[in-house]
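A.B. asks: Can you look at this prediction? I've put the sequence above it.
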Amino acid sequence: MKRKFLPEDIRNLTFLSHPVLSADAARIAYIARKGEEENGLFPSSLLVLDAHSGQTVCEKNDVWYKQPYFLKDSRFLLYLSDRSGEFQVWLENLETKESTQLTSLRHGVVRYTVNEQETALAFEAVLWPEEIGAGTAFTEMTAEEKEAWQDEMEYRPYKATDLTYKMDEWFGMRKGEYAHIGVAACDSKAAKTIPEILSSDADNQDMLSDHAASTPLHQYFLCQEKAMECIRPSWSHDGRTIAFYGYPHSGARGRQAELFVCSSDGSDPVQLTETGFIYPDHAPAFTADDTGILCVGFPPYEDGSCIMLPYLITSEKTENSWNNITIDQVQTCLLPVGMTENETEIQVCHGIYPMVAGRTEMGENGPYFKLSEDGKWIYFLSGIDGKTGLFCSELACPQNTRQIKLPGTAENTDILAFDLQQEDSIVWLGADSLHPAELFYNGKQLTHANAWLEECSLGKVEEFWTKSRDGKANLQWFLVHPAGEFSGDSCSSCEKSTSEEAAAHSGSDHEAAVSSHPAVLYIKGGPETMYTPTFWHEFQALAGAGFAVIYGNPRGSVGFGRAFNSNAVCWMNESMHDLLDMVEDAISRGYAKRGQIGVTGGSYGGYMTNKLIGRTDVFSAAVTQRCLANPATSYGTGDMGFISAREIPKNFHMLDYLEDRAKGNIISYIDSFNVPLLILHGMKDYRCGFEQAEQLFVAMRDRRPEIPVRMVAFPGENHNVSRTGKLYNQIRHVKEMVEWFQKYLKKDGEEHE
Amino acid sequence: MSKRAPQFEDCLRLERFTGGDYCEKKNLLCYASNKSNGIILKNLDTKETKKISAGGKGEGNPAFSPDGSQILFLSAVQGGRQIWLYDLETEEIRQLTDIRGSVSEPLWSPDGNWILFASMVSQKTASQRKYEDEAFVIEEVNYKFDGRGYIPPDGRQQLYIVSVKDGTVIQLTDDQTDYMHANWAPDSERVVCVSDRFQETKTTMVYDLVMIEHVTEQPSMRQLTKDHVIVSYPNPVRPVFSPDGKSVIAGILDMNTERGFSIGYPEVYLWQFDNMTGDGVRIFQPDENCYQCVQFPYNAGSGWGLEKLQVSDDGTYVYFVSGWQGQCCLYRLRLYKSSGNTGNDREYIRQLEEYYPVHAEKVLDGKAVHHGIGKIQNGKMLIPRSEPDMPEAYFILDTTLEFTSTEDTKTEVTGICSADTFVTSKGARMTKAAQSAQDLIEEVEFVRPDDFFIPTLDGESQIHGWVYKPADIAEEKIPAFLYVHGGPHPFYTYGFTMEHQCFAAAGFGVMLCNPRGSSGYGALHQTFARSTDGSAYYDCLQFVEECIRRNDWIDGSRIGVTGGSYGGYMTNYMATHSKRFNAYITQRCVSSDLIMYASSDMSGSSKDYEKFEDFMLAQLKSSPVSYAENIDRPFLILQGEEDYRTPMENAHQLFVAIKDVHPELPVKLVVYPHTPHDQPTHPGMMMDYYHEMVEWFRAYL
């Protein structure tokens, strides 16, 4: 008999990321991460496979590795490694195993990209501006120096004079550091191209003595004139121009990125956009003829609907110069998504890369869009109706958008990352409801990183649709059945149906057996995200403990068209009713029973959890994770939501504003919170600040002392505690949730505690 | 050679005594300071000194054994602080304890065989925490405390005794409750302490007296008092046994005068409790001369590591310190002398009830601060004393001379600290035993502030305050700022305050006052409601105008305001309600009562509201941040990252609110890591802190 999947099994999971395919389609490199008991970190190792045989060419896990990149000659691989102490770019000849360090940034490189000529790489690095002035930016500190520096930094105050001074991603405030961009270029005297460095002799090395000793490249920074954070440099095909994102704004717009270009020597920086809606998560990309730059953004729709779209910024380019173009000169959206009469909404996919909530993943990936070599097509990850996939769109004719059928994948296969050379040589990370991501090449599964899961009995996932009570929306929801062994003899069909394709169960067969299990409604964060039928260890931990899990895409989710996620329905009653409708549907199908249903969710899901237990009596226990609880205190303590993002009305009174946030919202219903409540929160959460958890906890003890309440606070963890937190904290986080429901959700025949 | 003016770097050099003890039998003093790197043993007859050290860090808490043959002290040679013993005869030192964690508050048993101490790491339960960053489980509201941080399940303060002979350690308490302010009974068999072990809900405010018996054999614990609130935070008093061992004397919050904490901070009176039944009698009768039995000086600048309550060795008097009009005075009460064996407990209490309450008599006063009392031996005791222009000195007070308790005098005696010996207005003799910061005193000219009283506008009380004038005034008129103290319960004193001296030397007039809400001026003045209903606000404004009127060197058009904690609240209140000031610096402030409700370690209560939403709206109405649109002058916010009293969220919300609605206004937030509800003590950050303040006022005043 198979064993249960437990929260502790997070330690057994291997997380794959960042697959890359060499230009000759001969080799594949990717990153694998796995938790380490000792320090709770997830070390990151590099693997290189032969694409055709699947044989391992190289496996490196002595230090941490990130961001593999093949040069045109696929014997040469670049990567980031912290072998020297900080993450630097390294070049390795996979055949001779020779390697050399290419950068020597004081605090390492965040990311890098190589020009097509393979003569230079552009990098992004976080530095304190005074380090550049002091000339120490290209020298790593020795271990002793670093210790002294860290001690000093530990006691350096944080200082802020403008609004966007703290971010959850930074674990709060910074101490003066920000991202800079620069170039590390071959010195023609030593080597003309990067791969030549490995064969260049010692005489040539000597000629580089004016550079930092540890690297044979000439390193310099770009665009230092303005003290502006710059990120994600990207080369033009001719190698003469670098596009990047900068943060030129102050006030509430401080974290709005704009597109810039400069010459590869750093001269002539020009701001190309003034949109404020660029989403700088992936580097801009030049079109094949260097006349356009592709980037993605969330257009500021009036209705607040949220869809990430690819944009083409083009110039009337003369003489290879971007200097003369004016801001906002030409912007073309590459996917039609209109809601007006003369625009049709594309039905193939929901923008680019709808953010998937609730799946087992960790680690950086390459870009989620890539231009074909001839520059005519854009390949990108996207999704619709709760399913993800690889899509492509014709730049000249965006209406011509289609999903690419990946060989050997089922309808429910979840695509997490991809790389391709031609449409017939595609590498991807694919997952499904019973399997976390594994590496596939042209339909062949190359890895079995999580084969150990075979020993576990998992909960199978079934998809349902129901009509919203206002009749305006079709709601997709999924049921994770309790894991096999809990179904016992009366549910033998569960044990039999092992093939993924047979995952769909018929409700009536299971009604009697399944409804004896308590159920948990698990609400996702966002709300501008999409749940899919993919593997998520948190669902499986609940299924393993004998719970059915109800999860779905209420209004506010992406992947179901723009009207479905306009602001009007996210934060009002529609989405709350949608969730209740899903629960009703589950009850009517016999998968859940009144009095035996719990509710949980993180972030927006935590907000919704709080809202549901304050206003309904459907649920019997609740676990609220990294929640929003009191908007009157979240203003200014979290990292988002400024009044001046819009025009401040005349006679504005802060008291009115804060009162509006306090009235009729979440915690104001505390007197009707009637169910045992567990609060899970990271103490360095700066999205929904830790004080939100304290508001809820103290108010519960103050107003509802007879209701069991427990708060578990995770030191050093931010809003991502359950996604990228320390291994032991991730396990604890899931374990606390499961045990709370075990304690307070009654099973048939049991008395309530 | 003329002395120079102080500068902020002197704060790093300033020596502060951290504790000391006097041995009357041998006329020896032992003491430690932040600069002493060990214990200084001083023969007060020969003036010879000797340093005792185990070579560890944080050496302090020296105390003579009852027979005067040994000195105990704490030293952190490896890991936490442990008890070390020094033998005065052999001059050898030895380590007595080797516990996990750190020893604090060591106390000799009266028979000298045991040492009582406290530690915040339980020795019995194995640590449940494997990682420093592992989760905290929180089920009660007292889960964090400023200065201690988040308290792990086995991180409460427990009590121990250790045998002086062989180092055997006995753990007296072991659960998830704090046991504080413990003290020995004369029989060396019992220990009394303060704890909420027997309280159903933990509030960080309501504590009982708890008696632990048979400590050297089979420790057993019982709740001694049930219906009294023992004073703990913020001005704790260690309970003491009467020398006959029959009773315990402790400071009790007088819950009758005001309706609990939400309305005001109650006065503290001394009570005497029968140590068997826990029945008690209030022994102190408040009067104009002395209206409560504790003091909460905001800037005492002295008295660290010393007790605030002592019983004389012959059992005649109980001594305590109490504040009055900016002075920190020493008082005593004559105790009831039991007429032999009373036989039954009821009879004993009856006798006490017959005798008490009694009025206190003043022993020491003057424009000075006395904020501690050493053990009383044959009428002599160690007393710390500081004055506005003179850092702390240790004196030996001799009350055996002709002590005449005559009329209370307000005779001003200045510059007394420089005298090695003087006779007080009561006829007792004070003899200086040790002076702190001698190097700075010889090098630096400290100024003495003027102080004055003015009646409040409503005639209800009077405002007392001080003005520091720089020794050299560069311009004809210079800017000045009001510095509002925290609390609002504490009061500014005549104590030495380096920060005020440095700001004056930096070219600012520094104005300090004790507005309504401050203690030390009578019950009416300290009414909590007066600190937030506008009375204190107008007191401050009135005081500023009076300072300008009296001091023509102050430029009335260049006035700033700053303050910490309640002073930060008041700064925020001024900025949102007044146009009087030209620049603001708010320190560890309260900006939102709603944030304070849940995120302060002194979390609030919404019990007076039927609907929680109404409570929230009321909190918003009383919060300065709700009026952020009114702030129109440069505003600097200084905050400790690990402040759990007025947590950082106050600073964050205030900064964002001001900057959000006033994009052009200079607004700055500086957050100091590893800093609790205080100014930073880390040297680099302390200098940065004062630099930020001085530069802000220089730029905008």
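C.D. replies: Arrived safely, thanks for sending. Bear in mind the structure is a predicted one, so any value in this text is a computation, not a measurement.
A.B. asks: hmm, which helix or strand of the chain has the shakiest average pLDDT?
C.D. replies: No chain was given, so I picked chain A. Least confident helix or strand of chain A, by mean pLDDT, DSSP states H and E, is helix A:492-496 with a mean of 41.
A.B. asks: wrong one, I was asking about chain B
C.D. replies: For chain B, the helix or strand with the lowest mean confidence is helix B:260-263, at a mean of 46 (criterion: mean pLDDT, DSSP H and E).
A.B. asks: I'd like the next helix or strand past that helix.
C.D. replies: Next helix or strand after helix B:260-263 toward the C-terminus (DSSP states H and E): strand B:268-274.
A.B. asks: who touches that next one?
C.D. replies: Outside strand B:268-274, the residues that touch it by CB atoms under 8 Å, 6 or more residues apart in numbering or on different chains are B:209, B:224-225, B:228, B:231, B:235, B:237, B:242, B:246-254, B:279-284, B:286, B:292-294, B:309, B:318, B:320, B:333, B:335-336, B:345, B:348-349, B:352, B:356. C-beta here means a position set from N, CA and C on the backbone, and glycine is covered the same way.
A.B. asks: From the residues you listed, which land in strands?
C.D. replies: B:209, B:247-253, B:280-282, B:309, B:318, B:320, B:333 (DSSP state E).
A.B. asks: Nearest to chain A within the stretch 401-550 of chain B, name that residue for me.
C.D. replies: residue B:532 (16.4 Å; CB to the nearest CB).
A.B. asks: Spatially nearest residue to that residue (excluding sequence neighbours)?
C.D. replies: residue B:622 (7.0 Å; CB to CB, 6 or more residues apart in numbering or on different chains).
A.B. asks: doesn't residue B:534 make contact with that neighbour?
C.D. replies: No - between residue B:622 and residue B:534 there is no contact, the gap being 11.5 Å when judged by CB atoms under 8 Å.
A.B. asks: What count of nearby residues applies to residue 84?
C.D. replies: Picking chain A for this. Residues lying near residue A:84 (other CB atoms under 10 Å in any protein chain shown) number 16.
A.B. asks: switch to chain B, that's the one I care about
C.D. replies: 25.
A.B. asks: Quick check: pLDDT value at the residue nearest to residue B:532.
C.D. replies: Residue B:622 carries a pLDDT value of 94.
A.B. asks: count of neighbours near the residue of the stretch 401-550 of chain B closest to chain A?
C.D. replies: 19.
A.B. asks: that older thread, going by distance to residue B:591, which of the ones in strands among the contacts of strand B:268-274 wins?
C.D. replies: residue B:253 (28.3 Å; CB to CB).
A.B. asks: Can you pull out the low-pLDDT segments for chain A?
C.D. replies: A:188, A:190, A:200-214, A:316-332, A:335-346, A:485-515, A:748-753 (pLDDT under 70).
A.B. asks: quick one, longest helix in it?
C.D. replies: helix A:727-744 (DSSP state H).
A.B. asks: Can you name every helix or strand that that one contacts?
C.D. replies: helix A:537-544, strand A:597-602, strand A:621-625, strand A:677-682, strand A:709-714, helix A:721-724 (3 or more CB pairs under 8 Å, 6 or more residues apart in numbering or on different chains; DSSP states H and E).
A.B. asks: How far does stretch A:417-429 sit from its chain's centre?
C.D. replies: 20 Å (CA atoms, centre = their mean, to the nearest Å).
A.B. asks: then it to CSV, C-alphas only?
C.D. replies: The C-alpha trace of stretch A:417-429 is given here as CSV (Å, rounded to 0.1, in the frame of the first residue of the first chain):
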residue,chain,number,x,y,z
ALA,A,417,9.1,27.2,-19.0
PHE,A,418,10.4,26.6,-22.5
ASP,A,419,13.2,27.2,-24.9
LEU,A,420,13.2,26.5,-28.6
GLN,A,421,15.3,26.8,-31.7
GLN,A,422,12.7,25.8,-34.3
GLU,A,423,9.2,24.7,-33.8
ASP,A,424,10.4,21.1,-34.1
SER,A,425,13.0,21.4,-31.4
ILE,A,426,11.4,22.6,-28.2
VAL,A,427,12.4,21.9,-24.7
TRP,A,428,10.0,22.5,-21.9
LEU,A,429,9.2,21.9,-18.2
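A.B. asks: Would you mind listing the outside residues contacting that stretch?
C.D. replies: Here stretch A:417-429 makes contact (CB under 8 Å, 6+ apart) with A:16-21, A:23-25, A:28, A:30, A:51, A:365-366, A:368, A:370, A:373, A:379, A:381, A:390, A:392, A:404, A:406, A:415-416, A:437-442.
A.B. asks: need the contact list for residue B:109.
C.D. replies: Counting by CB under 8 Å, 6+ apart, residue B:109 has contacts B:115-116, B:161, B:184, B:188.
A.B. asks: Identify the residue nearest residue B:286 in space, chain neighbours excluded?
C.D. replies: Looking at residue B:286 with CB to CB, 6+ apart, the closest residue is residue B:292, at 6.5 Å.
A.B. asks: neighbours around the closest residue to residue A:600 other than its chain neighbours, how many?
C.D. replies: Among residues not flanking residue A:600 along the chain, residue A:623 sits closest, at 4.0 Å (CB to CB, 6+ apart). When neighbours are counted by other CB under 10 Å, residue A:623 registers 29.
A.B. asks: Residue A:623 reaches residue A:737, doesn't it?
C.D. replies: Yes - at 4.6 Å, residue A:623 counts as touching residue A:737 under the criterion of CB under 8 Å.
A.B. asks: overlap in contacts of these two?
C.D. replies: Jointly contacting residue A:623 and residue A:737 under the rule CB under 8 Å, 6+ apart are A:600, A:678, A:680.
A.B. asks: how many neighbours does the first one have?
C.D. replies: When neighbours are counted by other CB under 10 Å, residue A:600 registers 27.
A.B. asks: what about the longest strand along chain B and chain A, touching?
C.D. replies: Counting residues, the longest strand found in chain B (DSSP E) is strand B:554-564. No - Strand B:554-564 lies out of reach of chain A by CB under 8 Å from any CB of the partner chain, never closer than 15.9 Å.
A.B. asks: Sort out which residues of that strand are buried, please.
C.D. replies: For strand B:554-564, burial by neighbour count (16 or more other CB atoms under 10 Å in any protein chain shown) applies to B:554-556, B:558-564.
A.B. asks: Now do the following helix or strand past that strand: everything it contacts.
C.D. replies: Counting by DSSP H and E, the next helix or strand C-terminal to strand B:554-564 is helix B:566-577. Applying CB under 8 Å, 6+ apart, the external contacts of helix B:566-577 come out as B:483-488, B:517, B:531, B:536-537, B:540, B:561-563, B:580-581, B:584-591, B:624-625, B:627-628, B:630-631, B:633, B:635, B:646, B:654.
A.B. asks: what distance separates helix B:566-577 from the middle of the whole chain?
C.D. replies: Counting by CA atoms, centre = their mean, helix B:566-577 comes out at 23 Å from the chain centroid.
A.B. asks: which parts of that helix are buried?
C.D. replies: B:566-576.
A.B. asks: which one of those residues sits closest to residue A:138?
C.D. replies: If you rank these by distance to residue A:138 using CB to CB, residue B:568 comes first, at 43.6 Å.
A.B. asks: Check the stretch 1-150 of chain A for the residue nearest chain B and tell me.
C.D. replies: Nearest residue of the stretch 1-150 of chain A to chain B (CB to the nearest CB) works out as residue A:40 at 6.9 Å.
A.B. asks: Any figure for the gap between the spatially closest residue to that residue that is not a sequence neighbour and residue A:449?
C.D. replies: Once flanking residues are discounted, residue A:40 sits nearest to residue A:726: 3.1 Å by CB to CB, 6+ apart. Distance, residue A:726 to residue A:449, by CB to CB, to the nearest Å: 21 Å.
A.B. asks: So between the two, which is more surrounded?
C.D. replies: Taking other CB under 10 Å, residue A:726 and residue A:449 do not tie; residue A:726 has more neighbours (24 against 20).
A.B. asks: All set now, cheers.
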